[in-house]
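> just the structure for this:
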Amino acid sequence: QRIDLRWRPLVTIDGEDARDFDDAVYGEGRGDGWTLYVAIADVSHYVTIGSALDAEAHQRGTSVYFPEQVIPMLPELLSNELCSLNPKVDRPVMVCEMSISRQGEMLDYRFFEGLICSQARLTYTKVSGMLQNKRSKTGQQLRAKYDSVVSHLESLYRLYKALRTEREKRGAIDFESIEQRIVFGEDRKIERIVPVERNDAHKLIEECMLSANVAAADCLQQHDLPGLYRIHETPSVEKLANLREFLGELGLSLSGAEKPSAKDYQQLTLQIADRPDMHLIQTVMLRSMMQAVY
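Residues are numbered from 1 along each chain as shown. Predicted coordinates:
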């Protein structure tokens with residue numbers, strides 16, 4: 001009963017060290033905008049409610065990630081193979097199909113059970129090379145190697161820019177953080193810690209996933225279904241006072257009085273974008289915010 005999408009060139013885009021691939025994307029340009037497909041591995045196809053696997057997954061709660069090691073919630077035969085959207089093999093998925101306007105506004109969406117065949121296992125570095133550095137020698141080599149999906153990635157890239165512009169209008173905060181990756185040497189001793197900077201490929205996938213999440217939240221709300229929501233409450237009076245005291249010493253301020261919104265934080269982020277102490281100010285801003293709750 002699944003809708004066959006194997007003829008659409010969906011691809012997975014993950015980090016170099018990813019072991020399992022649970023989401024695939026595809027964007028198709030239309031005259032008035034785009035159609036965006038986000039496909040998520042359909043674990044429920046293999047793990048039925050009330051089964052021994054279901055009970056054990058409940059017991060574990062999540063997979064647990066350590067540097068260079070994962071203790072999976074589900075057996076690796078499922079998590080790394082059958083449920084993983086590996087390239088050139090058919091996989092059952094849950095699909096969110098979205099209609100996006102030229103301006104990046106979601107016009108419509110639908111969810112359905114589908115069947116896909118990922119056309120390539122891509123990484124953030126490879127996609128960035130094909131899109132951001134396409135005139136470089138490496139970029140040209142990558143574009144030649146993945147010739148069958150390059151035009152689709154470029155369409156997805158244009159869609160990403162429209163989605164990002166629309167999200168910025170809504171006042172979304174976008175802190176530019178640098179993650180750290182631990183590199184191990186012999187005997188699993190830490191050899192060095194290297195920075196991992198986000199490129200446009202990271203942000204492209206982020207925008208696709210955010211769009212699918214917005215559609216899912218709207219669907220739950222429309223049908224009055226219960227669901228988990230991850231939210232940030234308004235910063236406490238004490239945290240706001242500490243932040244404003246710190247900002248005042250630097251000649252900066254945060255608007256929004258006692259209940260600053262995401263837009264107020266965004267405006268401050270734009271003000272400090274070119275300052276040499278931007279990362280320090282962003283860190284203090286982050287600490288002023290409340291931890292997420294479900």
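
> contacting residues for K134?
Residues counted as contacts of K134 (Cβ atoms under 8 Å, 6 or more residues apart in numbering) are 140, 143. C-beta coordinates here come from the backbone N, C-alpha and C atoms, glycine included.

> what about the residue most central in space within the chain, which helix or strand?
Nearest to the geometric centre of the chain sits E206, at 2.9 Å (Cα atoms, centre = their mean). Following DSSP states H and E, one finds E206 within helix 200-222.

> what residues does that helix touch?
So helix 200-222 is contacted by 13, 23, 25, 27, 36, 38, 40, 96, 98, 100, 106, 109, 111, 123-128, 131-132, 156-157, 160, 163-164, 167, 225-227, 229 (Cβ under 8 Å, 6+ apart).

> ok, now stretch 69-87?
By Cβ under 8 Å, 6+ apart, stretch 69-87 touches 12, 19-24, 39, 41-43, 46-47, 53, 57, 60-64, 91, 93, 116, 118-121.

> is there a quick ChimeraX command that grabs whichever of those are buried?
The ChimeraX selection below is limited to those of these classed as buried (16 or more other Cβ atoms under 10 Å):
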select :12,20,21,22,23,24,39,41,42,43,46,47,53,57,91,93,116,118,119,120,121
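
> now, the contacts of stretch 69-87 that are in strands?
Among those, DSSP state E puts 12, 23-24, 39, 41, 64, 91, 93, 116, 121 in strands.

> now, the most widely separated pair of those residues?
V64 and I116 (28.1 Å; Cβ to Cβ).

> using ChimeraX, define a selection of the buried residues within the contacts of helix 200-222.
Buried residues within the contacts of helix 200-222, by 16+ other Cβ under 10 Å, are selected in ChimeraX with:
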select :13,23,25,27,36,38,40,96,98,100,106,109,123,124,126,127,128,131,156,157,160,163,164,167
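
> next, count neighbours for K137.
K137 has 9 neighbouring residues, counting by other Cβ atoms under 10 Å.

> confidence score at it?
K137 carries a pLDDT value of 92.

> any idea how far A144 is from it?
Note on K137: its distance to A144, by Cβ to Cβ, to the nearest Å, is 11 Å.

> again with S211
For S211 relative to A144 (Cβ to Cβ), the value is 30 Å.

> so between those two, which is more surrounded?
S211 (23 against 10).

> I'd say R181 and V196 touch.
Yes. Counting by Cβ atoms under 8 Å, R181 touches V196, with 4.9 Å between them.

> how about low-confidence regions in the protein?
177 (pLDDT under 70).

> where do the helices of it begin and end?
52-60, 76, 124-131, 137-145, 147-169, 200-222, 237-249, 262-271, 278-288 (DSSP state H).

> nearest to R6, of those helices?
The nearest among these, by Cβ to Cβ, is helix 147-169 at 14.2 Å.

> for the closest one, packing partners?
strand 23-30, strand 33-41, strand 90-101, helix 124-131, helix 200-222 (3 or more Cβ pairs under 8 Å, 6 or more residues apart in numbering; DSSP states H and E).

> please list the outside residues in contact with it.
Contacts for helix 147-169 (Cβ under 8 Å, 6+ apart): 9, 11, 25-29, 33-34, 36, 100-105, 119-120, 122, 127, 130-131, 143, 146, 174, 200, 203-204, 207-208, 210-211, 266.
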